[in-house]
Every structure is written in C-alpha cells, then in structure tokens.
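[1] got a sequence here, can you build the structure:
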Amino acid sequence: MRKLLILSMLAAPLFADFFPVTVEQTIKSINGKNIELSSPFPVTGMSGVVIHRYGASTQTATMPLMQTENSGKAVLLNASLVEKSKLPVIVTKPVAGDKVVGGYLYNNVLLLAPNANAYNSFQSQYKKEWIHPDLFGVYLSRNGNSFTTAENLESFAREYQVGLVAIVMKDSVVLYDPISKHIVGRQNNILSDTSVNTPFFMRLDAKSKGFFGGETKSDYFETMAKIK
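    Next comes the predicted model:
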C-alpha cells in the first residue's frame, strides 16, 4: 500500500501541466483569415473561438480559429462550431477587439485507450468532464463508420461538445484537438499496461470490430497513429 502511495505521489507532478489551460485574449488585428492575438495561446495548434458582442448584454461564439505561431498569429478555420442543423448560422465577421477563447471546451475530454486498465489509470489522474467512449462507439455505428479517423472525431466533437481527445499510445499519451486537427500535448506513457483488449467499453456487439478498425494489437496503435 505504501509503495502504491509513493508511486501516486511521484506520478502527480508528471501529469500536473499536461492539459493546456483555457485562456481569454482579444483580436489585436485581422487581415482576411489571418489574425494577430493580443497575447499568444499556451500552445501552437490550439483552437479557439471568436466571441462577438452584440450591444451591451449579448455575446455569442461566431467562428473557430487556430494559433499557427508561438507569437500569437492565428488563422480562422473553415469549420462550424456545431453539427449541421436547420437553424440559421451566425455569419458575423470577426473584428479587432473581439474576445477570443483559446482552448474552448478543453475541459470536455474523450479518452481513447487500448484497455480498461489504461483507461481507468489515466482518467484517475485528472478532474475533467470525461465523455464516455461508448458515446463515440454509438456515434460511429449510427453513421456507418467502423474505425476512428480525424474526420469523424471532428464531427463527433461538434455534436457532443468535445474539446480534446486524449489518446493512449504505446510509448506516450497525446492530446489531440479535433477542431484544429493538431496535437497540443504529449507526454511519456508511464502506464504499465498497453495490451490491447478492444473494444473493452463497447457493449453493443461482442463480435463487432469496434471503432479501432479491428481487434489485433497492431490495429489500435496503427489507427491512432494516423490521427495527427
């Protein structure tokens, strides 16, 4: 018991600064789709949203963007904030002075792991709003997909308001931003169990290949490695 406690205490600092923090900045200048922020986001590749104010009391998120340089340069993304609907879409163009939230919804995290032990071990390190992977499995099944891609992660993120996808790899854990389609965090994998037992969280069909594209050890890691 004492050894487990010591291990937990040693591991805590390694995880402390892994997740980029959500920040608020403003648009300093804008030229077409190119934006200069008042101050840079913590990580290049990080997505954010422009918040436009209408009058004294009303504001709304209008367009997503991504930081492209550590200096705070960013670009507007040709992507929607929510899944397609019949509701009118806000088309207000960003202007200098608009607020920008970097790491929008970064507290909402989908965790993909090769087995239940790895999933539970990583999840226990953080207090996040965890989006259960069962929902992702159901989403893929509903849309006729059989494996994970950057495209269906982006679509799922919009529908379920996911800010980040944490992916357990063989030798690392990466944080993938499904809106910018960039990795915004990486750390060495200290999880001892990376054996593949998928789909361990899928309770729909035991014979299904799940959303890793198969049930063999190579398929999970090869599929995850393509998401970048």
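
[2] which ones are touching Trp130?
    109-111, 123 (Cβ atoms under 8 Å, 6 or more residues apart in numbering). Using the backbone N, CA and C atoms, a C-beta is placed for each residue, glycine as well.

[3] one more pass at 6 Å, please.
    By Cβ atoms under 6 Å, 6 or more residues apart in numbering, the residues touching Trp130 are Val109.

[4] check Gly45 too.
    Gly45 touches 180, 182, 184, counting by Cβ under 6 Å, 6+ apart.

[5] check what pLDDT it gets.
    pLDDT, Gly45: 97.

[6] helix, strand or coil for it?
    For Gly45, the assignment made with DSSP: H, G, I helix; E, B strand; the rest coil gives coil.

[7] do you know how far it is from Thr68?
    Here the criterion is Cβ to Cβ, to the nearest Å. By it, Gly45 lies 8 Å from Thr68.

[8] which residues are contacting stretch 18-32?
    Stretch 18-32 has contacts (Cβ under 6 Å, 6+ apart) with 35-39, 42-43, 46, 94, 96, 98-103, 106, 184-185, 187.

[9] thinking again about what came up before, output the contacts of Gly45 in TSV; the columns should cover pLDDT.
    Formatted as TSV, the contacts of Gly45 follow (pLDDT from 0 to 100):
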residue	pLDDT
Ser180	95
His182	95
Val184	97
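
[10] show me where pLDDT drops low in this protein?
    1-16, 55-56, 81-91, 146, 198-218, 228 (pLDDT under 70).

[11] which residue ranges form the strands in it?
    For the chain, the strands defined by DSSP state E occupy 23-31, 34-37, 47-54, 58-67, 73-76, 99-102, 108-112, 129-131, 164-168, 172-177, 182-188.

[12] could you check the angle strand 172-177 makes with the longest one?
    Read it as strand 58-67. Strand 58-67 and strand 172-177 meet at an angle of 130 degrees, taking axes from the mean of the first three to the mean of the last three Cα atoms, to 10 degrees as the criterion.
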